[in-house]
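[1] how would this look folded up:
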Amino acid sequence: MAQVYLAVDLGGTRIRAARCRAEGTIEARTEVFTQADQGVEAVIARIESAVRSMWPTTSDTTAAIGLVAPGPIDPWTGVILTAPNLPGMVNLPLRDRLGDIFNVPVFIGNDANLAGLAEWRFGAARGYTDMVYLTVSTGIGGGVVSNGRLLLGSRGLAAELGHITIDRTDGVCNCGNVGCLEWLASGTAIVRQIVERLRDGEPSRIADLVHGDLDALNVEVVAQAALQGDAVATAVLNKSLRALGLGVTSLLHMFNPSIVVIGGGVSNLGARLFDSVRATVKQHVMDPRYICPIVPAHLSGDVGLLGALALALDPPPQRQA
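    Purely as a prediction, here's the structure:
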């Protein structure tokens, strides 16, 4: 009789579930739409259905369930404090709700933190003791592993890496702060800056690439325009990637990691992003001994599920909600 672990990635659009082995093998998976507009109970029912479809039908036993979700979460009680794009999930004791349903241990954590844990345990940072992980996508999130442990902070809210201040003279981030890394370097930030400059009348071929539909603009189009020598695309990418490099420099000074892993859709810029970040770090780091490998993430679309697995394998001590 062998043990399996069930992993759940709860997002605003989809619920993904998988049956996993401890070494990181995903042997079965499923996916359903979250349909969060139908309410919390409907979402919990869909989580239950997805998990049951992954339950082992052989002599294997389910050792634990790990679940990742967006937003602030108490990792010791499994309470979702609030969840973006999941209306009604406020102070929701989801760990206990699912534990009562399945009668196995359930552990819940923040998706960005646990993506970092996944990259540390199964991905690009495997074998390192100290890691900083950044996901650069619609927003910017992250996770920190220090001396082989995921950094949680006093209330489980640590590692909001996208909200370190880079430029106090810039705009107001969605978090309410000014000049955050997320405001300057996320995929949303890149597109926003392009649109602002086009609407100010700066000459660019970007509008032609999207046939005049600025709603279709994304980072890939911006990168394409920059490769073609477009001045607006080049200027915005240079500004945003420099901001990302300055953010990474600050994180090196804060955490002194042995590796930095960068994932998320914007990391698909590849060498343009990584060369820029490394050059900025080299220019601004206070001492070259802070410099460490800065590498792409390895786990791609499975990072949420593997983060949930990593949590189930090595959860923080649990307490009553």
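
[2] check which residues of stretch 228-236 are buried.
    230, 232-233, 235-236 (16 or more other CB atoms under 10 Å). All C-beta atoms are positioned from the backbone trio N, CA, C, and that covers glycine.

[3] before we move on, what about stretch 126-139?
    Applying 16+ other CB under 10 Å to stretch 126-139 flags 128, 130-137, 139 as buried.

[4] L117: what's it in contact with?
    143, 145, 150, 307, 310-311 (CB atoms under 8 Å, 6 or more residues apart in numbering).

[5] one step back: let me know the closest of the buried residues of stretch 126-139 to D213.
    S137 (21.6 Å; CB to CB).

[6] I figured the closest one hits G187, correct?
    Yes: using CB atoms under 8 Å, S137 is in contact with G187, at 5.6 Å.

[7] anything in contact with each of the two?
    Common neighbours of S137 and G187 (CB under 8 Å, 6+ apart) are 264-266.

[8] for the stretch 201-321 of the chain, which segments count as strands?
    Under the criterion DSSP state E, counting those that start in this stretch, the stretch 201-321 of the chain carries strands at the ranges 259-263, 294-296.

[9] so which residues make contact with the first one?
    By CB under 8 Å, 6+ apart, the surrounding residues in contact with strand 259-263 are 115-116, 119, 123-125, 128, 130-136, 248, 251-252, 273-274, 277, 292-297, 299-300, 303.

[10] can you check the last one too?
    Contacts made with strand 294-296 from outside it, assessed by CB under 8 Å, 6+ apart, are listed as 124, 248, 259-263, 267, 270, 274, 277-278, 281.

[11] are any of those buried, and which?
    For those, buried by 16+ other CB under 10 Å: 124, 248, 259-263, 267, 274, 277-278, 281.

[12] reformat those residues as JSON lines; add distance to T30 and pLDDT.
    JSON lines is the format used below for those (distance: CB to CB, whole Å; pLDDT from 0 to 100):
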{"residue": "A124", "distance to T30": "26", "pLDDT": "96"}
{"residue": "V248", "distance to T30": "36", "pLDDT": "97"}
{"residue": "I259", "distance to T30": "33", "pLDDT": "98"}
{"residue": "V260", "distance to T30": "33", "pLDDT": "98"}
{"residue": "V261", "distance to T30": "28", "pLDDT": "97"}
{"residue": "I262", "distance to T30": "29", "pLDDT": "96"}
{"residue": "G263", "distance to T30": "23", "pLDDT": "94"}
{"residue": "S267", "distance to T30": "27", "pLDDT": "92"}
{"residue": "F274", "distance to T30": "34", "pLDDT": "96"}
{"residue": "V277", "distance to T30": "36", "pLDDT": "97"}
{"residue": "R278", "distance to T30": "39", "pLDDT": "97"}
{"residue": "V281", "distance to T30": "41", "pLDDT": "97"}
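
[13] check contacts around the residue nearest to E182 when sequence neighbours are not counted.
    Distance criterion CB to CB, 6 or more residues apart in numbering; nearest residue to E182, sequence neighbours excluded, is G162 at 3.7 Å. Taking CB under 8 Å, 6+ apart as the contact definition, G162 lies against 134, 139-142, 180-182, 186.

[14] which of these sits closest to E202?
    S186 (21.3 Å).

[15] what separation do you get for R205 and G265?
    From R205 over to G265 the distance is 22 Å, taken as CB to CB, to the nearest Å.

[16] sorry, back to before: in helices only, show me the shared contacts of S137 and G187.
    Secondary structure from DSSP state H places none of the shared contacts of S137 and G187 in helices.

[17] want to throw the residues you listed into JSON lines with pLDDT?
    JSON lines is the format used below for those (pLDDT from 0 to 100):
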{"residue": "G264", "pLDDT": "91"}
{"residue": "G265", "pLDDT": "90"}
{"residue": "V266", "pLDDT": "92"}
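
[18] and these as CSV, adding distance to V68 and neighbour count?
    Shown next, in CSV, are those (distance: CB to CB, whole Å; neighbours: other CB atoms under 10 Å):
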residue, distance to V68, neighbour count
G264, 15, 22
G265, 18, 15
V266, 20, 27
